[in-house]
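Visitor: structure, please.
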Amino acid sequence: MTELSPPSSAASDGIARPWLDATLPIDDRVELLLAEMSLPEKAGLFFHAMIAMGDGGALAEADPRFGLPSTHDYVVDRHMSHFNLLTSDADARSMAVWHNRLQELAASTRLGIPVTLSTDPRHSFSENPGAALRAGAFSQWPEPMGLAATRDADLVRRFGDIARQEYLACGFRVALHPQVDLATEPRWARQVQTFGEDADLTAELGSAYVRGFQGESFGSASVSTMVKHFPGGGPQKDGEDPHFAYGREQVYPGDGFELHLKPFAAVFAAGARQVMPYYGMPVGTEYEEVGFGFNRSVLTGLLRERFGFDGIVCTDWGLVTDADIAGDPFPARAWGVEHLTRAERMEKILDAGADQFGGEACVDLLVELVFDGVIPEERLDVSARRLLREKFALGLFENPYVDVDAAERIVGAPEFRAAADHAQRASITLLSNDGVLPLRAGAAVYAEGIPGDEIVAWGGRPVDDPAVADVAVVRLHAPYEVRGTTFENFFHAGSLEFPDATRAHIAELSAVVPTVVDVLLDRPAILEPLVRSASAVTANWGASPAALLDVLDGTFPARGRLPFDVPRSTAAVEASRPDVPFDTADPLFRFGHGLTL
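Guide: Numbering: from 1, shown residues only. Next comes the predicted model:
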């Protein structure tokens, strides 16, 4: 264990730190600290940026690949203390060591303000540096869409509680999730991290998720949840995503704006502490046609005033500054205000009611705006109070450090992995079966997407020739269009049709041997050609080969239920209204469908 001391009641230069007196009410401690802060120190609170860790838990130098400053620059020079860890492949011990070194650096600054470390989801199978990170050292669960397929709020709360423990062990205190958008547009690229298409199910599971992460009462054992993407991503024009200019418009031809608010009302009632608005701009509504992070009618009028939300509002990443992402230039997501300067965008975001700039680090620009009289310092104080209050409520000022040895024991603990494995099995959904299932032990299996040693471990005989097999099992990924840049291709968008070659292959294979097709259904693909050819079709949202085989042979009874409608055709998708759930005509499978064995 690394022995570290909590912050001292006096800085090395002799400055008293009365805000460290834990016997005082939190609001009094906030005011004592705020009174001591300089303008640059206040401004540093407003930036929530990506940060990397060095090898073996070292503090990182500047990283030109991702345009990241050094950790020293961030913490000491820019006075920043809110970061989202980019690294996904480190072991738990290295993350804990790095976290403690980061907090030691923060403690060495004039006021010793501790770092609040956040993370995108990191408990599943996906890897998208703009949205989620593969589990790595953590227990590996199905995506939230798969959690929705279990229809089990207790399981979702249990997930949140386990993830909370693993996050705390490494120092993560803010979860940049859950995502309670409604997946009402079948083509939308971000839906796999939602709870699906139904507002009531999303409200129920989103609330359970928040309670799992934050606990019965909010405090030093909690992970603060940043629910997103207010007031609901999902109704995207043509299903395109507003990470990109061609997907900036959210449209409501079915007048469904209010329905998309329903899950947010539920998670606010469950105690969600923070909110992230989406990039999109509403078109044809009563609200200003600018991105939600710039939108005063949404953030102040709707969120602050109608819902009474007084927690932290952090914009989605990169609303102010153009950036280079994975070697390609991308403009700031300043949708509807592209004409504004960086300073004017910042002013509009603060006027809208946000507290933090996600993915930005331009502290000097905010200081300049206050110095020039464009933004009053009193406006900074409003958000600074919220941001400091959260640090105090999380107990970071009492002890920001973690136990390195405990991190190794807790992260990926056997009982956590067992619970995750159970959830994977519970989420797998049997869509069709002509009698080929359950598989029998000892079968000769021709497999695509399942290693031979997994077949052997299950009790089957792997064969390379389908003609001599008893059954074929093929794992596929839902289709998507290849776009022009690396970053775009992390977001699976475009057509839901499987390529002709895939459809033909399944048909030809099925003519030789009974074939089971399992699809990672991160979007509701056009499955009809596969269902017509294959003997059985299953859907998963992140499941190991072992989990799948346990369901196919009946060891774990099939119990998953679809969290959305599966459309019958592209024409039905194109004719549906993107803001209205269950609006595709004559779906192949309806929400809630799932066979048993």
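Visitor: ok, and the helix or strand in the protein with the lowest average confidence?
Guide: Using mean pLDDT, DSSP states H and E, the weakest-scoring helix or strand in the chain turns out to be strand 323-325, at a mean of 87.
Visitor: contacts for the helix or strand just after that strand, please.
Guide: Once the chain leaves strand 323-325, the next helix or strand it forms, by DSSP states H and E, is strand 328-330. For strand 328-330, the surrounding residues in contact (C-beta atoms under 8 Å, 6 or more residues apart in numbering) are 244, 318, 322, 323, 324, 485, 486, 487. (Each C-beta comes from the backbone N, C-alpha and C, glycine too.)
Visitor: hang on, isn't the second one packed against residue 333?
Guide: This means residue 318. Yes. Residue 318 is in contact with residue 333 according to C-beta atoms under 8 Å; the separation is 5.7 Å.
Visitor: how's this protein carved up into domains?
Guide: What automatic domain parsing lists as the domains of the chain is 18-410, 428-575.
Visitor: hmm, back to that, and the least confident helix or strand of the chain, what other elements does it pack with?
Guide: Packed against strand 323-325 by the contact rule (3 or more C-beta pairs under 8 Å, 6 or more residues apart in numbering; DSSP states H and E) you find strand 328-330.
Visitor: would you mark the buried spots in the strand it packs on?
Guide: Buried residues in strand 328-330, counting neighbours by 16 or more other C-beta atoms under 10 Å, are found at residue 330.
Visitor: what does stretch 525-535 give?
Guide: Across stretch 525-535, burial judged by 16+ other C-beta under 10 Å covers 525, 526, 527, 528, 529, 530, 531, 533, 534, 535.
Visitor: ends of it, what's the gap?
Guide: End-to-end span of stretch 525-535 (C-alpha to C-alpha, to the nearest Å): 18 Å.
Visitor: need the contact list for residue 113.
Guide: Residues counted as contacts of residue 113 (C-beta under 8 Å, 6+ apart) are 33, 41, 45, 81, 106, 388, 391.
Visitor: one more pass at 10 Å, please.
Guide: Residue 113 sits next to 7, 19, 33, 37, 41, 44-45, 75, 79-81, 106-107, 387-388, 391, 396-397, 400 when contact means C-beta atoms under 10 Å, 6 or more residues apart in numbering.
Visitor: shaky segments in this structure?
Guide: For the chain, applying pLDDT under 70 flags the ranges 1-3, 5, 7-14, 129-130.
Visitor: now the strands for the stretch 51-200 of the chain?
Guide: Using DSSP state E, counting those that start in this stretch, the strands of the stretch 51-200 of the chain run over residues 82-85, 116-119, 172-175.
Visitor: follow-up on the earlier one: who does the least confident helix or strand of the chain pair up with?
Guide: strand 328-330 (antiparallel) (DSSP bridges).
Visitor: in the next helix or strand after the strand it pairs with, what's buried?
Guide: Next in sequence after strand 328-330, counting helices and strands by DSSP H and E, comes helix 342-352. Applying a neighbour-count criterion of 16+ other C-beta under 10 Å, one finds 342, 343, 345, 346, 347, 348, 349, 350, 352 buried in helix 342-352.
Visitor: CA atoms only for stretch 562-582, dumped as CSV, please.
Guide: Extracted in CSV, the C-alpha atoms of stretch 562-582 (Å, rounded to 0.1, in the frame of the first residue of the first chain):
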residue,chain,number,x,y,z
LEU,A,562,-35.6,-7.0,-27.1
PRO,A,563,-35.1,-3.4,-25.9
PHE,A,564,-36.4,-2.0,-29.2
ASP,A,565,-38.4,-3.0,-32.3
VAL,A,566,-36.4,-4.7,-35.0
PRO,A,567,-37.6,-3.2,-38.3
ARG,A,568,-38.6,-5.3,-41.3
SER,A,569,-37.1,-3.1,-44.0
THR,A,570,-35.0,0.1,-44.7
ALA,A,571,-38.1,1.6,-46.2
ALA,A,572,-40.0,1.2,-42.9
VAL,A,573,-37.1,2.9,-41.1
GLU,A,574,-36.9,5.8,-43.6
ALA,A,575,-40.7,6.3,-43.3
SER,A,576,-40.7,6.4,-39.4
ARG,A,577,-40.6,9.5,-37.3
PRO,A,578,-37.3,9.7,-35.4
ASP,A,579,-38.7,11.1,-32.2
VAL,A,580,-41.5,8.6,-31.9
PRO,A,581,-40.9,5.1,-30.3
PHE,A,582,-42.2,2.0,-32.0
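Visitor: wait, what's in contact with residue 175?
Guide: Residue 175 makes contacts with 118-122, 160, 163-164, 167, 209-210, 213-214, 223-227, 273-274, as judged by C-beta under 10 Å, 6+ apart.
Visitor: now the residue nearest to residue 89 when sequence neighbours are not counted: how far from residue 94?
Guide: The shortest distance from residue 89 to any residue other than its chain neighbours is 5.7 Å, reached at residue 136 (C-beta to C-beta, 6 or more residues apart in numbering). Going from residue 136 to residue 94 by C-beta to C-beta, to the nearest Å gives 11 Å.
Visitor: and for those two, which residues touch both?
Guide: In contact with both residue 136 and residue 94: residue 87, using C-beta under 10 Å, 6+ apart.
Visitor: the two: who's more crowded?
Guide: residue 94 (22 against 18; other C-beta atoms under 10 Å).
Visitor: counting neighbours, what do you get for the closest residue to the more buried one other than its chain neighbours?
Guide: Among residues not flanking residue 94 along the chain, residue 57 sits closest, at 4.2 Å (C-beta to C-beta, 6+ apart). When counting by other C-beta under 10 Å, one arrives at 19 neighbours for residue 57.
Visitor: then residue 488?
Guide: By other C-beta under 10 Å, 22 other residues sit near residue 488.
Visitor: got JSON lines for the contacts of strand 328-330, with distance to residue 363 too?
Guide: Formatted as JSON lines, the contacts of strand 328-330 follow (distance: C-beta to C-beta, whole Å):
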{"residue": "244", "distance to residue 363": "27"}
{"residue": "318", "distance to residue 363": "16"}
{"residue": "322", "distance to residue 363": "18"}
{"residue": "323", "distance to residue 363": "17"}
{"residue": "324", "distance to residue 363": "20"}
{"residue": "485", "distance to residue 363": "29"}
{"residue": "486", "distance to residue 363": "29"}
{"residue": "487", "distance to residue 363": "25"}
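Visitor: of all these, which comes closest to residue 571?
Guide: Among the contacts of strand 328-330, residue 244 lies closest to residue 571 (C-beta to C-beta), at 25.0 Å.
Visitor: thought residue 333 was touching the closest one, still the case?
Guide: Yes. Residue 244 is within contact range of residue 333, at 8.5 Å (criterion: C-beta atoms under 10 Å).
Visitor: so what sits against both of the two?
Guide: residue 279.
Visitor: more neighbours: those two, which one.
Guide: Between residue 244 and residue 333, counted using other C-beta under 10 Å, residue 333 has the larger neighbour count: 27 against 19.
Visitor: which one of the domains of the chain is the most hemmed in?
Guide: domain 18-410 (a mean of 21; mean count of other C-beta atoms under 10 Å).
Visitor: disregarding residues adjacent in the polypeptide, which is nearest to residue 546?
Guide: Closest residue in space to residue 546, ignoring its immediate chain neighbours: residue 454 at 6.3 Å, by C-beta to C-beta, 6+ apart.
Visitor: ok so, going back, between all of the contacts of strand 328-330, which two are separated the most?
Guide: Taking C-beta to C-beta, no two of the contacts of strand 328-330 sit farther apart than 322 and 486, at 17.0 Å.
Visitor: which residues in the stretch 201-350 of the chain form strands?
Guide: Along the stretch 201-350 of the chain, the stretches classed as strands by DSSP E, counting those that start in this stretch are 224-230, 249-251, 274-277, 281-283, 312-313, 323-325, 328-330.
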